[in-house]
Every structure is written in structure tokens, then in C-alpha cells.
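> Sequence first, predicted model second:
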Amino acid sequence: MNNALVKKTIKRILLAASLLAIMAGSYFHVMDSYELETLDLRFRLRPHIPTAGDVVIVEIGDDTIAKLGRFPFDRSYHAFLIRALSAAGAKAIVFDLFFSEEARNDAEFASAARSAGNVYFPYVFELDYKKRRGLPVSGGYAAKNLDALNAAAKGTGHINVIPDMDGKYRRVPAYIQYGGSACPYLTLKVAYDYLGIQEKDVRIAPGKSVDIGRRIRLPLDENSLVLVNYSGPWGAGYKHYSYVDIMQSYLAALTGRRPNVDFSVFRDKVCFIGLTAVGTVDLHPNPFDTLYPAVGLHAEVFNSIVKNSFIRRAPGWANMAVLLFLIALVSALVLSTRPLRALFILFSVVSVYVLAAIIVFDIFGLWLDIIYPVLVIVLLHLSLTLYKYVREWRRRLLMENELDIARKIQESFLPRATPSVEGVEISACMFTARQVGGDLYDFWCGEGPDGGRAAGKFGIMIGDVSGKGVPAALFMAMVVGAFRSFALPGAKPEKVLEELNAKLSKESASNLFVTMFYMIFDMAGRTAVFGNGGHLPVLRLPSGGAAQFLDVKDGAPLGLMEGPYSGGSIKFDRGDTFIFYTDGITEAMNRKSDMYGKERLEAVAARNRSLDARSLADAIEKDVRRFEPKNMQHDDMTVIVVRIM
């Protein structure tokens, strides 16, 4: 197995392991501490759902305790309340109060419950919290109801509540396993009787649902708990009456006085009785309130069953499917777009998904995870963006290495040094806009009568390839090689340009062209001949007199089409200076988009005409840099200064 295959296999294994870990995090709800907050937000954003008119809450509030004294009350009060509600035609009387210890007037209390025939009492289990899957299991009672009351009741059930990790009450156990039996939540028992459902017809599927008859399926979470479908904050949705007001009104009716409470409101209603006074143990936080009376849980659970309206959490496979879809979508979009657009896409995907999750909860009561999927796709976006940057960095690093090699190759085609000619100073400098450029120049030096270089001719060529970067550099290398094959000491400049143009026009398939100025100096005759192929004219600074730009009549850029080239000649003398340059000098631009131009070049050259060739070239370069900073350079710059001594 070769290294490439091993690396590919390892990458696939790591990718599969990462995806498996991400899916496991979704399935096991690792972000539930934060996800619960989004559930609360969805409850608060959702319009308050309508409630059934079957429920009435009887509050043992601050007013009741103020009038009747310290709680727990004498049980004769409860007996009196049962008689009042029973006389009003209540369909069910449900106490969210447990009576585990004997007290005075228990017999009266039990007798009233037996006579009413519709009273329900609770008990409380001790739970084994270590067992989380399946039905909750109890090893015994925490508060067992009195036997006399159990015998008098129409039904009993537990009122255990298992708070979430943040202490809020959002779920209740539908059933608790005890002594080989599944004991129902008190409100389930009330609802069964209210709907005429026999308990033998109820089917329990732990961790899935409770099938109530044929019409109603109560969804359970993986721990067999019921998510309470809160209709709204405390005080909204249900009719509330004071415990003491009901008693006083009933007493008034018995004595012929006008009661404060209209007892017709209790006819055929299910009355839940519980503590709401401040400071009592039955106040707990929920999605709406920091202190919510536990009796409200019974009203909400009963309302959900009667209306067949429940909150259900999406199963693990559904959340994982949604997560996989989001991962695939974000990966495809982020990898195929630029970073800024990818960020906008991420924001859009997150916004649409969160909005969809809220709407699905509002309409269907389905709780889809938000925090974990959003966190995963945000981290995925960051990872993919980092991956793209690393990949781009590696690509650029490879390209820079290749460009560095190309630069060295390009430099090998340019003269390593200026020719040494007696009576002449020559200085050449090139500044590329990129690592490689399209400017080019070359020298040749002929032999004198004695075979040396003290007298004779020398030639200077400067050119500029269209375009920049590697293509221009490769074309430049080809041009330099071809030029050297044509630029023989006896060949006229215009003839060299004509032959070179013919070759490039026929053989070049790159659609590039080159401008070129070629000049031959004859030191013995003090004359210079030149030809121009579409290049900028050479600037001559005579020792005495005005500057002039040297140009010819005919001469198009090389490599476009065949055509005529004409030559020119000029006499020069000691002190004359010739400046060869490319358009990177004259077309340099400042921040205002003004061009440097030939006039500025002529002016800086004239001011520094007394300098030697090297110093004059430096002065021109510095003046251009002041005009166009190096970080703004957009084209290659080349300057060759020839000073006749």
C-alpha cells in the first residue's frame, strides 16, 4: 500500500469518526442545558394556546391563609369545600395536596369525599433517579395517602415531578413503576375517568407513548416523561377561584345570603385544588414564571389530554437527519463560494432553520433541537473556511516556489552585468510588479581592431511584453533568445526588429506581443543608430541643449503582424546621456489616478543630469516611488542610463 493510499484511508477514517462523534452528540443531547432555554423561548414566542373550558383552579392563596390561619388547615375545611363544589355540580374534585398523617376530623373529610363520589387524592413516591430509561422506578412512598381517604376517593395517583437540570418543571412521569404495577400520574387518572376510558384499555410503551383509547396518544420522551404543554403564564387560560371565597359563598347560600361566587361556573367542571400562596413549597420555576404553582401542572396536563394537543420532542434519528442535511448543505455552499458570501450563506441557513424550528413547534408541537445543529454548522463553517485558507496558503506557497524558480530562470536570460565600454557609463535596474515580469533588456558589445573592447560598437535593447506574471516572463525569455540570434554586430536595428517580428508573428500562439527599442552605439564614429517597435522613445539629454525623445517613423509592436520598420540615427558627444525606460515609469499612478508621464521623467533627468549613470537611475527610481508608492506598483519598471564620458 503506497503512502498516498494510506493517507487517503486515514483521512476517510478520521472523517467517519468525526461524523460519528457529531451524530452521537446529537442523539444523546449533549447541549440540553442550553437547548432547554430555546424550548422556553419557543413557549414564550408562541401565541397562548386556547384551553378547554373544563378546568377550574381553586387556589389556596395568601388571602385564604390570612383568613383561615396557618396551613395545613383543619380537615373539616376540606370537607366543607368538597360539599360546596359537589353541590355546585363539579364533575371532579382533585386535590394537589397529600394527606399522609392522621389529623383531627379525618373521618368528616373521608365521609365528604365518599358522599361526593368524585374526589381524587395524590401520593408521592421516592424515586430511583439513577434509572433514566424506561418507566421511573420507586422503592417506596415518600408521602402515602391515608387509607381512609384512599377508600373514600374515586381515584388516586402520584404527583411526582422530575425537574430538568436547570431546576425548571417541564415534565412529569406519566407512570411510575412500583411493586410490579405502573402507577399513573394523578391527572391521567382524572382524565381517563373524565373521558370514560378504562385503564385496562390504556397501552403503555415506555420511552414512546401512552395510547389512551383509540383517539389519543400521549407522547413520552426517552425517560417516559410527559412534556407539559404550557398554554401560557400563570393566571392565563383558566378560571381561578379562591378557596376561602368558595367556602364563604357556600356558607352565605346556606344561610340565605347572597354568595360572592356564582356556583354555576363549577357545574361539570374538573376542579384542581392546590397551594399558590407565596412562600409555600409548591411554587417552582417553569418556562414562563420563576414561581409557578404546581397545581397548574395538573391543569395543563389535563387540558392537553382533553384537547389531544401535546408537545413531543423529535426522536434522535430525526434530529440526526436534520443535522446531516444541514452539514451537507453548509459544506456544499461554503466550499463552493468565497468567504464573505459563505458567511452570508451561513447566517441565512441558521436564520431559516431557527425560524423553521419555531414555526414547527408553534404549529405541530414538535421540539427540534436548535443549539446543537447551529453550533455544529457554525464550527463546520469555521473549519471549512480554515481548510480553504490552509489549502489556498499551500497552493500559494507552491506557486511562490514555482514563481521563484521562474524568476531565477528569467534572471538567467537577462544580462548579469552591464558591458564595460571605455568612455561609457551604463546602469540598468528593473523592478517587477510581481515576482516575475514582462520587461526585458539586453546588451552586446563588439570587438575593436585590436580584438579588445576598448573601441568598437555596443548595442542596447529594451522591451516590454504585454501582460504580467508567468506568461509574460515565459514570452520574454523566448523573445530574448530570438533577439540574440538576430542581433549581430553588423545588422541594422530596423532589420533585426523586422526579422524578430516575423518570427514571433508566425510562431507565437500566446496572443502576447512585445514593444522594443534597439539602439547601436558606434564609439569610434560617435554615432548611434536605432529602431523602435512600438516602444516608448528613448530620452536623450545632450551635454548642451534641450532634451529630446528619439523615435522613428515606422514600427509596430512585435508579434502582432508583419510590417515595415524604419531606422534612425543621431550624433552624440561627450556628456550626452541616454535614458531607456518602460511604460511602468511613465504610467505610474498616484492615489489620485494621475500618471507620472514623460514630462516628469524629463524634469527629474534634467535636474540630475550631472550625476553618474548609477546615481541618475537611482534618482529617477526614487522620484517615481514618491509619486507611486511601492505597495501601489501596478506594472514592471525598467530604467537603463547610458552616459557618454
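Right, received. Where do you want to start?

> what lines up beside the host helix or strand of residue 124 in the sheet?
Taking DSSP states H and E as the definition, residue 124 sits inside strand 119-127. Here strand 119-127 is paired, per DSSP bridges, with strand 92-95 (parallel), strand 138-143 (antiparallel), strand 155-158 (parallel).

> what's around the residue lying closest to residue 100 once chain neighbours are set aside, how many residues?
Counting by CB to CB, 6 or more residues apart in numbering, residue 100 lies nearest to residue 143, which is 4.2 Å off, once chain neighbours are set aside. In this view, the C-beta of every residue, glycine as well, is placed from N, C-alpha and C. For residue 143, the count of nearby residues is 15 (other CB atoms under 10 Å).

> circling back: make a markdown table out of the strands paired with strand 119-127 and add mean pLDDT and distance to residue 195.
Output for the strands paired with strand 119-127, formatted as a markdown table (pLDDT from 0 to 100; distance: least, CB to CB, whole Å):
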| stretch | mean pLDDT | distance to residue 195 |
| --- | --- | --- |
| strand 92-95 | 97 | 11 |
| strand 138-143 | 92 | 26 |
| strand 155-158 | 96 | 13 |
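
> Enumerate every residue touching the closest residue to residue 618 other than its chain neighbours.
Using CB to CB, 6+ apart and skipping residues adjacent in sequence, the residue nearest residue 618 is residue 429, 7.9 Å away. With contact set as CB atoms under 8 Å, 6 or more residues apart in numbering, residue 429 has these partners: 617, 618, 621, 638, 639.

> does residue 429 sit in a helix, a strand or a coil?
strand (DSSP: H, G, I helix; E, B strand; the rest coil).

> what's the answer for residue 543, then?
At residue 543, secondary structure determined by three-state DSSP is coil.

> Isn't it up against residue 574?
Yes - taking contacts as CB atoms under 8 Å, residue 543 lies within contact range of residue 574: 6.5 Å.

> pLDDT (mean, whole number) over the strand holding residue 124?
Taken as a whole, strand 119-127 carries a mean pLDDT of 95.

> Quick check: which element contains residue 426?
Using DSSP H and E, residue 426 maps to strand 424-431.

> who's in contact with the helix or strand just after that strand?
Per DSSP H and E, the first helix or strand lying C-terminal to strand 424-431 is strand 439-445. Strand 439-445 has contacts (CB under 8 Å, 6+ apart) with 413-415, 418-421, 426, 428, 430, 432, 453, 456-465, 476, 479-480, 483-484, 487, 489, 514, 580, 582, 584, 636-638, 640.

> pretty sure the residue nearest to residue 100 contacts residue 126?
No - using CB under 8 Å, residue 143 makes no contact with residue 126, being 9.3 Å away.

> before we move on, the earlier item: quick check: pLDDT value at the residue nearest to residue 618.
For residue 429, the pLDDT comes out at 92.

> where's it relative to residue 483, distance?
20 Å (CB to CB, to the nearest Å).

> Same question for residue 70.
In terms of CB to CB, residue 70 sits 112 Å off from residue 483.

> do the same with residue 556
Taken as CB to CB, the span from residue 556 to residue 483 is 17 Å.

> Which elements pack onto the biggest helix by length in the chain?
Ordering each helix of the chain by length in residues (DSSP state H) puts helix 371-413 first. If you count contacts as 3 or more CB pairs under 8 Å, 6 or more residues apart in numbering; DSSP states H and E, helix 371-413 packs onto helix 3-27, helix 32-45, helix 316-335, helix 339-364, helix 469-486.

> Now with 10 Å, please.
Packing partners of helix 371-413 (3 or more CB pairs under 10 Å, 6 or more residues apart in numbering; DSSP states H and E): helix 3-27, helix 32-45, helix 316-335, helix 339-364, strand 439-445, helix 469-486.

> quick one: the helices in the stretch 51-200 of the chain?
For the stretch 51-200 of the chain, applying DSSP state H, counting those that start in this stretch gives helices covering 62-68, 75-87, 106-116, 147-152, 186-195.
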